[in-house]
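Asks: Predicted model and sequence follow; I will ask about them next.
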Amino acid sequence: MHAEVVILGGGLVGMTLAIGLAHEGIASVVVDASDPATVTADGFDGRASAISTASWNLYTHLGMADALNSRGCPIAAIAVSDGMKPGRIDFRPEAGEGSLGRMFANRDLRLVMYETARAQDLITFLPNAQVVARERGAHGVSVTLADGRVLGGRLLVAAEGRRSPTRDEAGFTPARWGYRHRAVVAGLIHERSHENVAWEIFYPAGPFALLPLRDDAEGCHRSALVWTVAETDAAGVMALPDAAFVGEVVRRMGGMFGDVSLATRRMAYPLDFHHTVKVVGQRLALVGDAAHGMHPIAGQGLNLGLRDVAALVEVLAEGMRMGLDAGDAQVLARYERWRALDGFMVSGATDALTRLFGIPGRLPSMVRRLGMAGVQRSPTLKRFFMDEARGMSGTLPALLQG
């Protein structure tokens, strides 16, 4: 089996890359170890993702927006608070500027992604597949699967996530450290409307995020909770009875949503940071969490991966129109120049923000709130941060433009 591009990893970034390549007439084969029926099952993954304006433009260009539109919740504003004390920042666009993004359950993103990919003749999807060997040479790449099938192509893309074996085998050594935190994730149903506001409440132990979701079929108000707890406390938080867990959640949100109940089971994920200096090698490109993994504090992880997708699609399409093959070193060098700085800046800013708001004590809290009050009074600074959140700053690939 042969395709121009062999993508290892069929998650939200890898499969979107395949759809983007098909949009440009480039064939790919996607290899993934998971079962689509399992990862789209109700309750498999309680996580939700904030899709920035730039990422929404990508989904629109790739024909996914219509199917996604009814599943997402617009983010009308973002409220940032230091422990629910005075001095918060409210990011709210001017009238006519649209939302700051959209919130989606990851399950809904996967359902639409698989549906879109099935309609593309240029995508060959191989789920439940295990890779046993990878080879890269001067003229092409090959991947051997556990069942004996051999896949050939011109370019190998590692989209396997944080623990990418392809990245590690290629000798890319990321800068890496753990935060000694876990993100406790759950779906909530609550009495009062969130009014499409995303809340980021910072406590010394870690951020506490309430992300707006669309009301359910019965009209119940819903939010996604991402509560960062210390590694040493995670087991205790997960072991709390539902009523006690909800009580702790209500206390941390100041009771602003009224009565609260759990809509999904709780799940916990370890949090760490990693970043690779290089994102390309001989006939190899890294995308998404294979290249950069960060704290979810700013909700930029998936969006950064989708920016990788848009840039890689553009450089491959333009290179192939000039007669170069997908694995040509010139093509990959352009991708690296485009993406390396952005990946470093976003990852570094997220790490700095995590550390800044993790400093305990009254004095650091007072300094933070003074700084936040300054941002709140500065339209220029607020505009800068909103543009960053939307993903609309810098030189954008065509797929990210409106």
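Replies: Happy to help now that I have it.
Asks: what about the strand of greatest length in the chain, distance to the chain center?
Replies: When the chain is parsed with DSSP state E, its longest strand is strand 175-190. Its chain's C-alpha centre and that of strand 175-190 lie 13 Å apart, by C-alpha atoms, centre = their mean, to the nearest Å.
Asks: any idea how far residue 208 is from the residue nearest to residue 161 when sequence neighbours are not counted?
Replies: Excluding its sequence neighbours, the residue lying closest to residue 161 (C-beta to C-beta, 6 or more residues apart in numbering) is residue 289, at 4.6 Å. C-beta coordinates here come from the backbone N, C-alpha and C atoms, glycine included. Distance of residue 289 to residue 208, given as C-beta to C-beta, to the nearest Å: 23 Å.
Asks: In terms of neighbours, single out the busier of the two.
Replies: Taking other C-beta atoms under 10 Å, residue 289 and residue 208 do not tie; residue 289 has more neighbours (26 against 22).
Asks: check contacts around the more buried one.
Replies: Contacts for residue 289 (C-beta atoms under 8 Å, 6 or more residues apart in numbering) come out as 13, 161-162, 164, 301, 305.
Asks: same thing but at 10 Å, please
Replies: Going by C-beta atoms under 10 Å, 6 or more residues apart in numbering, residue 289 touches 9, 11-13, 158-164, 167, 274, 301-302, 304-305, 308.
Asks: In PyMOL, how would I select the buried members of those?
Replies: In PyMOL, this line selects whichever of the contacts of residue 289 come out buried by 16 or more other C-beta atoms under 10 Å:
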select buried, resi 9+11+12+13+158+159+160+161+162+164+167+274+301+302+304+305+308
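Asks: if we can go back for a sec, okay, now the sheet partners of the longest strand of the chain, with direction.
Replies: strand 221-230 (antiparallel), strand 260-262 (antiparallel), strand 267-275 (antiparallel) (DSSP bridges).
Asks: Any chance of TSV for the ones you listed, columns distance to residue 119 and mean pLDDT?
Replies: Listed next are the strands paired with strand 175-190 as TSV, based on distance: least, C-beta to C-beta, whole Å; pLDDT from 0 to 100:
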stretch	distance to residue 119	mean pLDDT
strand 221-230	29	92
strand 260-262	36	95
strand 267-275	31	84
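Asks: Tell me which of the ones you listed lies nearest to residue 321.
Replies: Ranking the strands paired with strand 175-190 by their distance to residue 321 (criterion: C-beta to C-beta) puts strand 267-275 first, at 31.6 Å.
Asks: So for the closest one, what gets flagged as buried?
Replies: Residues 267-268, 271, 273-275 are the ones in strand 267-275 that count as buried (16+ other C-beta under 10 Å).
Asks: now do stretch 104-121
Replies: 104-114, 116-117, 120.
Asks: Out of the residues you listed, which is nearest to residue 126?
Replies: residue 117 (11.9 Å).
Asks: Which of the three states applies to that closest one?
Replies: Following DSSP: H, G, I helix; E, B strand; the rest coil, residue 117 is assigned to helix.
Asks: So it sits against residue 10, correct?
Replies: Yes - contact status for residue 117 versus residue 10: in contact at 8.5 Å, counting by C-beta atoms under 10 Å.
Asks: shared neighbours of these two, anything?
Replies: Counting by C-beta under 10 Å, 6+ apart, the shared contacts of residue 117 and residue 10 are 16, 18, 30, 36, 123, 125.
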